[in-house]
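S.K.: Next come a sequence and a model predicted from it.
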Amino acid sequence: MGKPWEDVPELWKDEMAFLNWLRSQTRKTWSRHPVKTTYCRKRPTVTRAEAVSTGLILATDFTKAKKLRPCEMCHEWFPVSALQVDHLDGGYGFKNLDEFFSWYQRMLVLGFDDIRELCIPCHDKVTLSQKLHCSLEAVPYHQARIAFGKLKAAPQRKALEKLGLPVGSNSDAREATYLEYLGGIYETTT
């Protein structure tokens, strides 16, 4: 098999750059995939006025939305623009050309039974669950852990103080304290 990044180094500096280009092109194809667009068109859709009159949403919800559909996971109603199509077997990416072919097939060679339409929060949970190989129930724990880890030292200290927890002298100690706290809140079965 050829190595395009070696033949045309002015386009792709290495294999990873080539793989990123492939990923981008595949996602462009997915954005207008006929199975995806037909699936969405066939799903139940109501106008905002119908949703308000039947009590599906409050009159103050989604004031600029024209059409709404339910998320297939939480069953709440959202504007069509706030929904995303999820691959049931999305697999979380690829690191080399051989893995790309398997990922490509999961992304584009599919039918209605392979996808569902989710709201953004539900889709984010499913994606994180797949990425971390954990249960959906463990996702809030990981979301909190990741958010805390992204904080700078001062906000980490402030968060721990607010919870009445000991503030460690370094990042590792603060994160360990917070993880212990989270472990007491969330069941983290994978």
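M.R.: Structure's in. What do you need?
S.K.: could you check the distance from residue 118 over to residue 90?
M.R.: In this view, residue 118 and residue 90 are 11 Å apart by C-beta to C-beta, to the nearest Å. Just so you know, the C-beta spots here come from the backbone N, C-alpha and C atoms, and that holds for glycine as well.
S.K.: Pull the contacting residues for the closest residue in space to residue 115 that isn't next to it in sequence.
M.R.: In this structure, residue 115 finds its nearest non-sequential neighbour in residue 85, 5.3 Å apart by C-beta to C-beta, 6 or more residues apart in numbering. Shown here is residue 85, whose contacts under the criterion C-beta atoms under 8 Å, 6 or more residues apart in numbering are 36, 39, 40, 115, 116, 117, 118.
S.K.: Identify all contacting residues around the helix or strand where residue 180 lies.
M.R.: Element membership of residue 180, judged by DSSP states H and E, is helix 171-185. Helix 171-185 is contacted from outside by 141, 144-145, 148-149, 153, 156-157, 159-160, 163, 165-168, 188, using C-beta under 8 Å, 6+ apart.
S.K.: Show me which of those residues are buried.
M.R.: Burial by neighbour count, 16 or more other C-beta atoms under 10 Å: within those this picks out 141, 144, 145, 148, 156, 159, 160, 168, 188.
S.K.: all strands of the chain, in order?
M.R.: With strands called from DSSP state E, the chain shows them at 46-47, 67-70, 77-79, 83-87, 115-119.
S.K.: Work out the sheet partners of the last one and label each with its direction, please.
M.R.: It refers to strand 115-119. Looking at strand 115-119 with DSSP bridges, its partner strands are strand 83-87 (antiparallel).
S.K.: hey, C-alpha coordinates of the strand it pairs with in PDB?
M.R.: Taking Å, rounded to 0.1, in the frame of the first residue of the first chain, the C-alpha atoms of strand 83-87 are listed here in PDB:
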ATOM      1  CA  LEU A  83     -30.100  17.200  17.400                       C
ATOM      2  CA  GLN A  84     -27.200  15.100  16.100                       C
ATOM      3  CA  VAL A  85     -27.100  11.700  14.500                       C
ATOM      4  CA  ASP A  86     -25.200   9.200  16.500                       C
ATOM      5  CA  HIS A  87     -23.700   6.000  15.200                       C
END
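S.K.: Any buried residues in it, and which?
M.R.: 83, 84, 85, 86, 87.
S.K.: Quick one: distance of that strand to the chain centre.
M.R.: Between the centre of strand 83-87 and the centre of its chain there are 9 Å (C-alpha atoms, centre = their mean, to the nearest Å).
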